[in-house]
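Undergrad: next comes the sequence, and after it the predicted model I'd like to discuss.
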Amino acid sequence: MQIVLGIVITALGALMAMKTEWFVENLGRLTWFEANLGSEGGTRLGYKLIGVLIIFIGVIMMTGSGDLFFSWLVSPLTKFSSPSR
């Protein structure tokens, strides 16, 4: 089941990255991306970045490596070093 769900999420992310203009026309502009990533292409770039992030999440879900990835991602926050003497 996780493979099918990962494929669907990856396909949705790819659709979002490829059909950016449709998302801009139907969902509107994103003000944060417009202010920080440029005047005319900021929203388009923002939708593409969101699409690539969704693809990445879909691949992680599809391969079943979510636990390993998120433990690696949070590992700097959970490591405690002993004080040196």
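TA: Nice, thanks for sending it over.

Undergrad: quick check: which ranges of this protein have low pLDDT?
TA: The chain contains residues with pLDDT under 70 at 39-40, 80-85.

Undergrad: most centrally placed residue in this structure?
TA: With distances taken as C-alpha atoms, centre = their mean, residue 53 lies nearest the centre of the chain, 1.8 Å away.

Undergrad: would you map the helices across the chain?
TA: Secondary structure of the chain (DSSP state H): helices at 2-18, 20-27, 31-37, 42-63, 66-78.

Undergrad: winner for burial among those?
TA: helix 42-63 (a mean of 17; mean count of other C-beta atoms under 10 Å). For every residue, glycine as well, the C-beta is placed using N, CA and C.

Undergrad: just want the angle from that helix to helix 66-78.
TA: Angle of helix 42-63 versus helix 66-78, following axes from the mean of the first three to the mean of the last three C-alpha atoms, to 10 degrees, is 110 degrees.

Undergrad: number the residues from 33 up from this point.
TA: Okay, using 33 as the starting number, the last item reads as helix 74-95.

Undergrad: which ones are touching the residue nearest to residue 44 when sequence neighbours are not counted?
TA: Closest residue to residue 44 apart from its sequence neighbours, by C-beta to C-beta, 6 or more residues apart in numbering: residue 86 at 6.2 Å. Listed by C-beta atoms under 8 Å, 6 or more residues apart in numbering, the contact set of residue 86 reads 41-42, 44-45, 48.

Undergrad: from these, pick the one nearest residue 80.
TA: Among the contacts of residue 86, residue 48 lies closest to residue 80 (C-beta to C-beta), at 7.7 Å.

Undergrad: for the closest residue to that closest one other than its chain neighbours, what are its contacts?
TA: Spatial nearest neighbour of residue 48, excluding adjacent residues (C-beta to C-beta, 6+ apart): residue 83 at 3.4 Å. Going by C-beta under 8 Å, 6+ apart, residue 83 touches 45-50, 52.
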